[in-house]
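Asks: Sharing a model that was predicted from the sequence below.
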Amino acid sequence: MKAIGYRTPQTITEPDALIDITLPDPVATGRDLLVEVKAVSVNPVDTKVRNSAGPADGQEFKVLGWDASGIVQAVGPDVTLFQPGDRVWYAGSIARPGTNSELHLVDERIVGHAPKSLDFAQAAALPLTTITAWEMLFDRLGVAPGKQPGGKTLLIIGASGGVGSILTQLATRLTSLTVIGTASRPETQAWVKELGAHHVIDHSQPIAAELRRIGFPAVDYIVSLTQTEAHFAQIVEAIAPQGKFGLIDDPKSLDITLFKRKSVSVHWELMFTRALFGTDDMIGQHRLLNEVAALVDAGLVRSTLAERFGSINAHNLQRAHALIESGKSRGKVVLENWG
(Lines give C-alpha, C1' and ligand atoms only; values in the text may rest on other atoms or scores of the structure.)
Protein backbone atom coordinates (compact mmCIF):
# COMPACT_ATOMS: atom_id res chain seq x y z
CA MET A 1 0.00 0.00 0.00
CA LYS A 2 1.00 3.62 -0.49
CA ALA A 3 1.94 5.60 2.59
CA ILE A 4 3.80 8.74 3.67
CA GLY A 5 6.44 8.58 6.37
CA TYR A 6 9.97 9.53 7.42
CA ARG A 7 13.10 7.96 8.87
CA THR A 8 14.34 10.69 11.21
CA PRO A 9 12.71 13.80 12.76
CA GLN A 10 13.48 16.88 10.66
CA THR A 11 12.25 20.39 10.00
CA ILE A 12 9.56 20.50 7.35
CA THR A 13 11.82 22.41 4.92
CA GLU A 14 14.06 19.34 4.51
CA PRO A 15 13.26 17.41 1.30
CA ASP A 16 12.92 14.07 3.10
CA ALA A 17 10.99 15.37 6.11
CA LEU A 18 8.07 13.43 4.62
CA ILE A 19 8.44 10.96 1.75
CA ASP A 20 6.23 8.70 -0.33
CA ILE A 21 6.78 5.04 0.63
CA THR A 22 5.29 1.58 0.08
CA LEU A 23 4.40 -0.67 3.03
CA PRO A 24 2.85 -4.14 3.39
CA ASP A 25 -0.95 -4.25 3.60
CA PRO A 26 -2.06 -4.67 7.24
CA VAL A 27 -4.49 -7.38 8.39
CA ALA A 28 -7.39 -6.81 10.81
CA THR A 29 -7.39 -8.88 14.03
CA GLY A 30 -9.29 -8.64 17.33
CA ARG A 31 -11.51 -5.53 17.45
CA ASP A 32 -9.65 -3.77 14.63
CA LEU A 33 -11.18 -2.40 11.45
CA LEU A 34 -9.16 -2.31 8.24
CA VAL A 35 -10.10 1.04 6.70
CA GLU A 36 -9.47 2.22 3.14
CA VAL A 37 -8.44 5.81 3.85
CA LYS A 38 -10.14 8.33 1.56
CA ALA A 39 -9.20 11.61 3.25
CA VAL A 40 -7.01 12.85 6.09
CA SER A 41 -6.59 16.15 7.88
CA VAL A 42 -3.53 17.62 9.55
CA ASN A 43 -3.35 18.66 13.20
CA PRO A 44 -0.67 20.37 15.32
CA VAL A 45 0.06 16.97 16.90
CA ASP A 46 1.30 15.76 13.49
CA THR A 47 3.93 18.47 13.36
CA LYS A 48 4.93 18.02 17.01
CA VAL A 49 5.51 14.29 16.57
CA ARG A 50 7.34 14.79 13.25
CA ASN A 51 9.74 17.18 14.95
CA SER A 52 10.46 14.95 17.92
CA ALA A 53 9.85 11.22 17.37
CA GLY A 54 11.46 8.65 15.11
CA PRO A 55 10.21 5.23 13.98
CA ALA A 56 9.37 2.62 16.61
CA ASP A 57 11.91 -0.10 17.31
CA GLY A 58 12.19 -2.48 14.40
CA GLN A 59 10.42 -0.15 11.95
CA GLU A 60 12.13 1.67 9.10
CA PHE A 61 9.56 4.48 8.82
CA LYS A 62 7.24 6.43 11.06
CA VAL A 63 3.80 7.13 9.60
CA LEU A 64 1.88 10.09 11.01
CA GLY A 65 -1.75 11.11 10.70
CA TRP A 66 -4.70 10.64 13.03
CA ASP A 67 -7.79 12.17 11.48
CA ALA A 68 -9.28 10.02 8.73
CA SER A 69 -12.44 9.15 6.88
CA GLY A 70 -12.88 6.14 4.67
CA ILE A 71 -14.57 2.81 4.05
CA VAL A 72 -14.27 -0.36 6.13
CA GLN A 73 -12.64 -3.04 3.98
CA ALA A 74 -12.41 -5.84 6.55
CA VAL A 75 -13.05 -6.45 10.24
CA GLY A 76 -11.33 -8.47 12.94
CA PRO A 77 -13.13 -11.50 14.42
CA ASP A 78 -14.20 -9.63 17.58
CA VAL A 79 -15.75 -6.62 15.82
CA THR A 80 -19.45 -6.02 16.56
CA LEU A 81 -20.06 -2.35 15.69
CA PHE A 82 -19.16 -2.24 11.97
CA GLN A 83 -19.12 -4.30 8.81
CA PRO A 84 -17.30 -4.03 5.46
CA GLY A 85 -18.64 -1.19 3.34
CA ASP A 86 -19.43 1.16 6.25
CA ARG A 87 -18.36 4.80 5.87
CA VAL A 88 -16.40 5.80 8.97
CA TRP A 89 -14.54 8.67 10.60
CA TYR A 90 -12.12 8.64 13.50
CA ALA A 91 -8.95 10.10 15.04
CA GLY A 92 -6.98 6.92 15.78
CA SER A 93 -4.39 6.30 18.48
CA ILE A 94 -1.06 8.03 18.95
CA ALA A 95 0.42 4.67 20.01
CA ARG A 96 -0.16 3.07 16.58
CA PRO A 97 0.87 3.80 12.96
CA GLY A 98 -0.99 6.79 11.55
CA THR A 99 -3.61 7.37 8.89
CA ASN A 100 -1.24 8.65 6.20
CA SER A 101 -1.55 5.27 4.49
CA GLU A 102 -3.97 3.77 1.97
CA LEU A 103 -5.04 1.09 4.47
CA HIS A 104 -5.20 1.63 8.21
CA LEU A 105 -5.98 -0.44 11.31
CA VAL A 106 -8.05 1.14 14.09
CA ASP A 107 -9.94 -0.17 17.13
CA GLU A 108 -13.69 -0.04 16.49
CA ARG A 109 -14.33 1.54 19.92
CA ILE A 110 -12.85 4.87 18.80
CA VAL A 111 -14.54 4.93 15.36
CA GLY A 112 -17.89 6.45 14.38
CA HIS A 113 -20.23 6.16 11.43
CA ALA A 114 -19.45 9.16 9.20
CA PRO A 115 -22.11 11.83 8.64
CA LYS A 116 -24.21 11.01 5.59
CA SER A 117 -24.34 14.67 4.52
CA LEU A 118 -20.54 15.18 4.26
CA ASP A 119 -18.06 14.03 1.64
CA PHE A 120 -14.89 12.29 2.82
CA ALA A 121 -12.84 15.50 2.97
CA GLN A 122 -15.45 17.37 4.98
CA ALA A 123 -15.72 14.44 7.38
CA ALA A 124 -11.96 14.03 7.81
CA ALA A 125 -11.69 17.61 9.09
CA LEU A 126 -13.63 16.86 12.25
CA PRO A 127 -12.83 13.77 14.38
CA LEU A 128 -9.74 14.72 16.43
CA THR A 129 -10.86 18.26 17.11
CA THR A 130 -14.44 17.15 17.76
CA ILE A 131 -13.37 14.55 20.32
CA THR A 132 -11.02 17.06 21.96
CA ALA A 133 -13.67 19.78 22.13
CA TRP A 134 -16.44 17.42 23.30
CA GLU A 135 -14.31 15.83 26.04
CA MET A 136 -13.05 19.23 27.20
CA LEU A 137 -16.51 20.80 27.36
CA PHE A 138 -18.59 17.96 28.77
CA ASP A 139 -16.15 15.51 30.40
CA ARG A 140 -13.38 17.75 31.77
CA LEU A 141 -15.17 21.05 32.52
CA GLY A 142 -18.45 19.29 33.33
CA VAL A 143 -20.63 21.74 31.41
CA ALA A 144 -24.23 20.55 31.30
CA PRO A 145 -25.69 20.20 27.81
CA GLY A 146 -29.02 21.92 27.25
CA LYS A 147 -30.41 25.40 26.92
CA GLN A 148 -31.59 25.92 30.50
CA PRO A 149 -30.95 29.47 31.80
CA GLY A 150 -27.57 29.65 33.45
CA GLY A 151 -25.83 32.94 32.75
CA LYS A 152 -22.40 31.29 32.58
CA THR A 153 -19.62 32.42 30.22
CA LEU A 154 -16.94 30.55 28.27
CA LEU A 155 -13.79 32.15 26.87
CA ILE A 156 -12.03 30.20 24.10
CA ILE A 157 -8.46 31.39 23.51
CA GLY A 158 -7.47 30.53 19.95
CA ALA A 159 -11.03 30.01 18.75
CA SER A 160 -10.23 30.08 15.02
CA GLY A 161 -8.07 26.95 15.01
CA GLY A 162 -9.19 23.37 14.55
CA VAL A 163 -10.33 22.64 18.12
CA GLY A 164 -11.61 26.17 18.63
CA SER A 165 -13.73 25.97 15.50
CA ILE A 166 -15.65 22.95 16.74
CA LEU A 167 -15.66 23.94 20.44
CA THR A 168 -17.32 27.23 19.47
CA GLN A 169 -20.07 25.34 17.65
CA LEU A 170 -20.67 22.75 20.36
CA ALA A 171 -20.81 25.38 23.10
CA THR A 172 -23.18 27.71 21.24
CA ARG A 173 -25.45 24.99 19.80
CA LEU A 174 -25.65 22.57 22.71
CA THR A 175 -25.31 24.68 25.88
CA SER A 176 -26.62 27.90 27.38
CA LEU A 177 -23.13 29.39 27.72
CA THR A 178 -22.31 32.84 26.41
CA VAL A 179 -19.32 32.08 24.17
CA ILE A 180 -16.45 34.55 23.71
CA GLY A 181 -13.80 33.58 21.18
CA THR A 182 -10.39 35.13 20.61
CA ALA A 183 -8.72 35.73 17.25
CA SER A 184 -6.15 38.31 16.21
CA ARG A 185 -6.72 38.86 12.48
CA PRO A 186 -9.81 40.22 10.67
CA GLU A 187 -10.30 37.02 8.66
CA THR A 188 -10.01 34.74 11.69
CA GLN A 189 -12.26 36.99 13.76
CA ALA A 190 -14.88 36.79 11.00
CA TRP A 191 -14.52 32.99 10.94
CA VAL A 192 -15.13 32.70 14.70
CA LYS A 193 -18.18 34.95 14.47
CA GLU A 194 -19.50 32.90 11.55
CA LEU A 195 -19.21 29.73 13.66
CA GLY A 196 -21.54 31.21 16.24
CA ALA A 197 -19.47 32.97 18.92
CA HIS A 198 -21.50 35.61 20.70
CA HIS A 199 -18.45 37.88 21.02
CA VAL A 200 -14.95 37.95 19.51
CA ILE A 201 -11.96 39.67 21.11
CA ASP A 202 -8.32 40.11 20.10
CA HIS A 203 -5.82 37.95 22.02
CA SER A 204 -2.91 40.08 20.78
CA GLN A 205 -4.21 42.65 23.27
CA PRO A 206 -4.46 42.14 27.06
CA ILE A 207 -7.29 39.63 27.35
CA ALA A 208 -8.68 40.85 30.68
CA ALA A 209 -8.94 44.39 29.30
CA GLU A 210 -10.58 43.12 26.11
CA LEU A 211 -13.18 41.27 28.20
CA ARG A 212 -13.92 44.37 30.29
CA ARG A 213 -14.29 46.35 27.07
CA ILE A 214 -17.22 44.14 26.01
CA GLY A 215 -18.76 44.06 29.48
CA PHE A 216 -17.33 40.91 31.08
CA PRO A 217 -15.16 41.64 34.13
CA ALA A 218 -14.72 37.87 34.67
CA VAL A 219 -15.64 34.62 32.92
CA ASP A 220 -16.66 31.27 34.44
CA TYR A 221 -14.82 28.93 32.08
CA ILE A 222 -11.63 29.55 30.13
CA VAL A 223 -10.22 27.10 27.60
CA SER A 224 -6.75 27.90 26.27
CA LEU A 225 -5.92 26.16 23.00
CA THR A 226 -2.65 27.87 22.14
CA GLN A 227 0.18 29.89 23.74
CA THR A 228 -1.13 29.24 27.24
CA GLU A 229 2.16 30.32 28.82
CA ALA A 230 2.04 33.71 27.10
CA HIS A 231 -1.57 34.32 28.13
CA PHE A 232 -1.43 32.83 31.61
CA ALA A 233 -1.23 36.05 33.64
CA GLN A 234 -4.28 37.36 31.79
CA ILE A 235 -6.12 34.07 32.34
CA VAL A 236 -5.49 34.28 36.09
CA GLU A 237 -6.84 37.83 36.10
CA ALA A 238 -9.87 37.14 33.91
CA ILE A 239 -11.23 33.91 35.39
CA ALA A 240 -14.04 34.15 37.91
CA PRO A 241 -13.74 32.86 41.48
CA GLN A 242 -14.44 29.10 41.50
CA GLY A 243 -14.01 29.06 37.74
CA LYS A 244 -12.72 26.18 35.66
CA PHE A 245 -9.67 26.36 33.39
CA GLY A 246 -8.92 23.89 30.59
CA LEU A 247 -5.93 23.59 28.27
CA ILE A 248 -4.61 21.29 25.55
CA ASP A 249 -1.17 22.65 24.70
CA ASP A 250 2.19 22.01 26.37
CA PRO A 251 3.47 25.05 28.27
CA LYS A 252 7.00 24.63 29.59
CA SER A 253 5.93 25.89 32.98
CA LEU A 254 2.62 26.81 34.58
CA ASP A 255 2.34 28.16 38.13
CA ILE A 256 -1.16 26.99 39.00
CA THR A 257 -0.71 28.18 42.58
CA LEU A 258 -1.82 31.54 41.18
CA PHE A 259 -5.31 30.01 40.94
CA LYS A 260 -5.49 29.08 44.62
CA ARG A 261 -6.95 32.37 45.83
CA LYS A 262 -9.88 31.93 43.44
CA SER A 263 -10.24 28.15 44.00
CA VAL A 264 -9.94 27.59 40.25
CA SER A 265 -9.76 23.98 39.01
CA VAL A 266 -7.42 22.97 36.19
CA HIS A 267 -8.35 20.44 33.49
CA TRP A 268 -6.02 19.02 30.86
CA GLU A 269 -7.45 17.29 27.78
CA LEU A 270 -5.71 14.78 25.53
CA MET A 271 -8.12 12.94 23.26
CA PHE A 272 -5.67 10.03 22.91
CA THR A 273 -5.90 9.11 26.61
CA ARG A 274 -8.75 6.62 26.26
CA ALA A 275 -7.09 4.69 23.42
CA LEU A 276 -3.60 4.97 24.91
CA PHE A 277 -4.63 3.38 28.20
CA GLY A 278 -7.54 1.24 26.98
CA THR A 279 -9.83 2.86 29.56
CA ASP A 280 -13.15 1.27 30.53
CA ASP A 281 -14.99 4.12 28.80
CA MET A 282 -12.96 3.92 25.58
CA ILE A 283 -16.16 3.25 23.62
CA GLY A 284 -17.31 6.74 24.59
CA GLN A 285 -15.45 8.09 21.56
CA HIS A 286 -17.47 5.80 19.28
CA ARG A 287 -20.68 7.10 20.82
CA LEU A 288 -19.77 10.78 20.73
CA LEU A 289 -18.66 10.56 17.08
CA ASN A 290 -22.02 8.98 16.21
CA GLU A 291 -23.82 11.70 18.16
CA VAL A 292 -21.91 14.47 16.39
CA ALA A 293 -22.57 12.80 13.02
CA ALA A 294 -26.30 13.09 13.79
CA LEU A 295 -25.83 16.76 14.72
CA VAL A 296 -24.00 17.38 11.44
CA ASP A 297 -26.72 15.66 9.42
CA ALA A 298 -29.33 17.73 11.26
CA GLY A 299 -27.52 20.93 10.26
CA LEU A 300 -26.57 21.89 13.82
CA VAL A 301 -22.80 21.43 13.40
CA ARG A 302 -20.81 22.17 10.25
CA SER A 303 -17.51 20.85 9.01
CA THR A 304 -14.54 23.02 9.88
CA LEU A 305 -12.75 22.21 6.62
CA ALA A 306 -11.07 25.43 5.49
CA GLU A 307 -8.65 24.32 2.77
CA ARG A 308 -8.40 21.31 0.45
CA PHE A 309 -4.72 20.67 -0.25
CA GLY A 310 -5.19 18.18 -3.08
CA SER A 311 -4.35 14.49 -3.18
CA ILE A 312 -2.61 12.57 -0.40
CA ASN A 313 1.11 12.58 -1.17
CA ALA A 314 4.33 13.71 0.50
CA HIS A 315 4.54 17.03 -1.35
CA ASN A 316 1.05 18.15 -0.38
CA LEU A 317 1.45 16.87 3.16
CA GLN A 318 4.66 18.91 3.56
CA ARG A 319 2.76 22.00 2.43
CA ALA A 320 0.07 21.28 5.00
CA HIS A 321 2.60 20.78 7.82
CA ALA A 322 4.28 24.06 6.89
CA LEU A 323 0.97 25.92 7.05
CA ILE A 324 0.12 24.46 10.47
CA GLU A 325 3.56 25.41 11.78
CA SER A 326 3.17 28.97 10.50
CA GLY A 327 0.36 29.55 12.99
CA LYS A 328 -1.72 31.20 10.27
CA SER A 329 -4.17 28.41 9.49
CA ARG A 330 -7.87 28.61 10.32
CA GLY A 331 -10.17 25.64 10.54
CA LYS A 332 -8.74 22.41 9.11
CA VAL A 333 -6.49 21.49 6.17
CA VAL A 334 -7.52 18.29 4.38
CA LEU A 335 -5.98 16.02 1.73
CA GLU A 336 -8.14 13.55 -0.20
CA ASN A 337 -7.57 10.57 -2.51
CA TRP A 338 -4.17 9.09 -3.26
CA GLY A 339 -1.94 10.44 -5.98
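Replies: Perfect, I can see it now.
Asks: Tell me which stretches of the stretch 51-200 of the chain form strands.
Replies: Taking DSSP state E, counting those that start in this stretch to define them, one finds strands in the stretch 51-200 of the chain at 68-75, 87-90, 103-107, 111-113, 153-157, 178-182, 199-201.
Asks: List the strands paired with the lowest-mean-pLDDT helix or strand in the chain, with their directions.
Replies: The helix or strand of the chain with the poorest confidence is strand 305-308; it has a mean of 90 (mean pLDDT, DSSP states H and E). Paired with strand 305-308 in the same sheet, following DSSP bridges, are strand 332-336 (parallel).
Asks: Determine the angle, from 0 to 180 degrees, between the partner strand and strand 68-75.
Replies: 50 degrees (axes from the mean of the first three to the mean of the last three CA atoms, to 10 degrees).
Asks: got the contact list for strand 332-336?
Replies: 38-43, 67, 120-122, 124-126, 129, 162, 165, 303-313, 316-317, 320, 323-324 (CB atoms under 8 Å, 6 or more residues apart in numbering). (C-beta placed from N, C-alpha, C; glycine too.)
Asks: gap between it and the chain center?
Replies: In terms of CA atoms, centre = their mean, to the nearest Å, the centre of strand 332-336 is set 13 Å apart from its chain centre.
Asks: Just the pLDDT for the spatially most distant residue from the centre of the chain.
Replies: Using CA atoms, centre = their mean, the residue of the chain lying farthest from its centre is R261. It sits 32.0 Å away. pLDDT recorded at R261 is 97.
Asks: do the same with T304
Replies: Note on T304: pLDDT of 89.
Asks: repeat for G327
Replies: Note on G327: pLDDT of 80.
Asks: same question, V301
Replies: The per-residue pLDDT reported for V301 equals 94.
Asks: what's stretch 128-148 in contact with?
Replies: 41, 43, 45, 66-67, 91, 150, 152, 154, 162-163, 165-167, 170-171, 174-177, 221, 223, 244, 246, 248, 267-269, 271, 285, 288-289, 292, 304, 332.
Asks: First-to-last residue distance for it?
Replies: Chord length of stretch 128-148, first to last residue, is 28 Å (CA to CA, to the nearest Å).
Asks: so F309 makes contact with Q318?
Replies: No - applying CB atoms under 8 Å, one finds F309 not in contact with Q318, separated by 10.0 Å.
Asks: Quick check: neighbours shared by the two?
Replies: With contacts taken as CB under 8 Å, 6+ apart, not a single residue reaches both F309 and Q318.
Asks: Nothing else from me, thank you.
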